[in-house]
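S.K.: quick one, what's the 3D model for this:
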Amino acid sequence: MTQHPRLMSPLKLRDQTLRNRIVFGAHTNNMSDQGMPGPRFGKYLLERALGGAAMVVAEPVPVHRTGVLTRGNILHSDDAVIPAYRTITDEVKDAGAVIIQQLYHIGAHGDSDLSFAPHWSPSGGPSYHDSDGSHAMTGAEVEELLQAHVAAAVRAKAAGFQGVEVWGAYHSLVDQFWTPWSNQRTDQWGGSLEGRTRFSRELIERVRRACGEEFIVGLAVSYSTAYEVTLGAEALCEILALHDRTGHVDYVTVGAGSYLEFEAIIPPFTHAEKLTTPLTQQLKGVLSHAVVTSEAGVRTPENGEAIIASGLADLVSIVRGQIADPHLARKVAEGRAEDIRGCISCNQMCWGRRSRDYWISCLINPSAGREFEWGGDRFVASPAPKDVLVVGAGPAGLEAARAAAERGHRVEIVEAAPVVGGQFRLAGMQPRRGQILELMDWYERQFEKLGVRLRLNTFLDEQEVAEHPASVVVVATGSLPDETGFQRWVPSEPSLPGIEAGGVWSPEAVLRREARLGDAVVIYDEGSNWRGVGTAWAMAEAGKKVTIVTPEPFVGKEIARTAADGVVRRRLGALGVRMLTESCLVRWHGNGVTVRSFLTGEEEVIPFSALVMATTNRAFDPLPEMIAGKVMHRIGDCTAPRLAAYAFHEGRKLGLAI
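M.R.: Next up is the predicted model:
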């Protein structure tokens, strides 16, 4: 049935047979409860196993007190985790997946706020995670960390894991030993290639002896070309070939980036896809025992099939793709790839929440992290199907309509515009954001399959809603741009002086191509997110001379959590965009604007043909609070303008509750 036969073909690792080539790779989901793996963590992994993933690599566990990196890390060095893990590993294996645990130590790049311990590293040097330095380990401390890794592997085996993945990626402890720049030791653990790889070779050999021949041992590495001091492809091939000759390493997973090139570790939509195939292809030529996994930007089954079919790797790790749709592998196996809800590479709720030390979720799949509460991405039929009217086809309305229909309700969704998606569709018209438009197409396909009636170009007033046969009405009418020009950091001014002169537009008007901009445009970006930054990028790509004014200390502050802000600032800089930070607008003159610096109080008058105001929207709710005979629900921006993630969340939650 599948159109992806190579991706769906089995593969043997030790005495385990993987049912396909799709891995749900290791990533910090931050879901522990006081350091223990609990229901949130367990059901999150189980959902991907039920969804058909062949191998699930559980969240990296720190092996030592000096390696704790996040608030949600699983407890290190504590056998109390074994019975809690056992429940999880048994369920994942019963669902048909092989389950592995990643073991890690961050080396120099620790987080003192969480570990309250010095960062141990081969030769000292700075952390690239915080501003602290690190401690150059003594020989006894090197031995202590070797023993800690082995103890963690033994603990993993006792907990029911079928193998461990040793973390050597992103310039971690293992990678720091390998890299001459960060390993300047003169003892047996440094110097030559033999010395620099001694720590990892000894570690893996001890794990093999302690855990047995049937135990799977993987090795995670990463590939980054951003800095000369990190290991290049040739050096990594030499190192991994040396490990491969021992026969102890069963697979090598290749990610992208490092702590020196952070944005590539979880590449946002600003990056290309299939980032690691240049190295995985070379590794395939030098490794004789270990199989090779490609990750980083393997977003779709098409990516995976192409990689496996071309011999560029043996396995693919699709992480965010299976966060967005945990049943990706099963849908591929059933020949239903068109039903996969594709990841949009936004990083807002996965890496974006993790970067703030919350447990992760997903913008387009709000069940991620809530599987133990919401039942995952599987829907239980309602015992009493109802007629449901959804007013508004933005993110909240789309998801409410779909979730309600999945439960068997009879759903009609109406939208005043000629297309679905609302403001979120407009975001898909910004540079490199076409994946959002693909998501809109997915919703329309799902509506057709679920029997949802979609009516476009339809505005319903109070009487029409009252006369509609549906007993349940979901109001998801969204929000509208604020036309006053109010700036939240100039709270004494209820509106922008001079706005009545005209020539002032919203980002929505720009992206709908309604705005008459002229050649030179200033955009006031109050949210410092994609609404402003992405619109500035689109205008600059169209040849406009653009200046961004923001009250924030740097452009894209709100998207820094997604690791995309540096990329877009470089792109804006290359396009000649001027960026005025920590500033506000004093007056619009119709043909220019007065800008004031918050730092110095100095004012500058700059000529412009148009002004774009990316400020906080206003909720739009044209219907009365109650309509006789109807059960009324309100979700999304019509209750309070927010980011799209919260609209999808409220839509899913309500759809499950109706």
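
S.K.: please enumerate the helices of the stretch 151-300 of the chain.
M.R.: Along the stretch 151-300 of the chain, the segments classed as helices by DSSP state H, counting those that start in this stretch run 173-178, 193-196, 198-211, 233-244, 277-286.

S.K.: turn the ones you listed into a markdown table, including mean neighbour count.
M.R.: For glycine as for every other residue, the C-beta is placed from the backbone atoms N, C-alpha and C. Listed next are the helices of the stretch 151-300 of the chain as a markdown table, based on neighbours: other Cβ atoms under 10 Å:
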| stretch | mean neighbour count |
| --- | --- |
| helix 173-178 | 27 |
| helix 193-196 | 15 |
| helix 198-211 | 19 |
| helix 233-244 | 18 |
| helix 277-286 | 19 |
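
S.K.: let's have the ones you listed in JSON lines, adding distance to Gly636 and mean pLDDT.
M.R.: Listed next are the helices of the stretch 151-300 of the chain as JSON lines, based on distance: least, Cβ to Cβ, whole Å; pLDDT from 0 to 100:
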{"stretch": "helix 173-178", "distance to Gly636": "44", "mean pLDDT": "98"}
{"stretch": "helix 193-196", "distance to Gly636": "54", "mean pLDDT": "98"}
{"stretch": "helix 198-211", "distance to Gly636": "50", "mean pLDDT": "98"}
{"stretch": "helix 233-244", "distance to Gly636": "47", "mean pLDDT": "97"}
{"stretch": "helix 277-286", "distance to Gly636": "39", "mean pLDDT": "95"}
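
S.K.: among these, which is nearest Pro268?
M.R.: For the helices of the stretch 151-300 of the chain, the distance to Pro268 is smallest for helix 277-286, at 18.7 Å, taking Cβ to Cβ.

S.K.: with adjacent residues omitted, what lies nearest to Glu602?
M.R.: Spatial nearest neighbour of Glu602, excluding adjacent residues (Cβ to Cβ, 6 or more residues apart in numbering): Arg596 at 7.2 Å.

S.K.: show me the domain layout of the protein.
M.R.: As given by automatic domain parsing, the domain ranges for the chain are 11-374, 387-480+619-657, 499-616.

S.K.: let me know which of those domains is the nearest to Arg488.
M.R.: Arg488 lies closest to domain 499-616 among those, at 6.3 Å (Cβ to Cβ).

S.K.: give the pairing partners of the host helix or strand of the residue nearest to Glu602; include direction for each.
M.R.: Assigned by DSSP states H and E, Arg596 belongs to strand 592-597. According to DSSP bridges, strand 592-597 forms sheet pairs with strand 583-588 (antiparallel), strand 603-607 (antiparallel).

S.K.: single out the most deeply packed of the ones you listed.
M.R.: Most buried of these by mean neighbour count (mean count of other Cβ atoms under 10 Å) is strand 583-588; its value is a mean of 22.

S.K.: save the strands paired with strand 592-597 as TSV, and put in mean pLDDT and distance to Ala628 too.
M.R.: Shown next, in TSV, are those (pLDDT from 0 to 100; distance: least, Cβ to Cβ, whole Å):
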stretch	mean pLDDT	distance to Ala628
strand 583-588	98	46
strand 603-607	97	55
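
S.K.: so which of the ones you listed comes closest to Thr197?
M.R.: Among the strands paired with strand 592-597, the nearest to Thr197 by Cβ to Cβ is strand 583-588 (51.8 Å).

S.K.: check contacts around Val555.
M.R.: Shown in contact with Val555 (Cβ atoms under 8 Å, 6 or more residues apart in numbering): Asp525, Ser528, Val533, Ile548, Asp565, Val568, Arg569, Leu572, Met579, Thr581.

S.K.: where in the stretch 401-550 of the chain is pLDDT low?
M.R.: Within the stretch 401-550 of the chain, no range satisfies pLDDT under 70.

S.K.: all helices of it, in order?
M.R.: Here the stretch 401-550 of the chain has its helices, by DSSP H, counting those that start in this stretch, at 422-427, 434-450, 462-467, 507-511, 530-541.

S.K.: out of the ones you listed, nearest to Ser345?
M.R.: With Cβ to Cβ as the measure, helix 434-450 is the member of these nearest Ser345 (6.1 Å).

S.K.: buried ones in that closest one?
M.R.: Going by neighbour count (16 or more other Cβ atoms under 10 Å), the buried part of helix 434-450 is Gln435, Ile436, Leu437, Leu439, Met440, Trp442, Tyr443, Glu444, Gln446, Phe447, Leu450.

S.K.: could I get the domains of the chain as a markdown table with distance to His4?
M.R.: Below are these laid out as a markdown table (distance: least, Cβ to Cβ, whole Å):
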| stretch | distance to His4 |
| --- | --- |
| domain 11-374 | 4 |
| domain 387-480+619-657 | 18 |
| domain 499-616 | 29 |
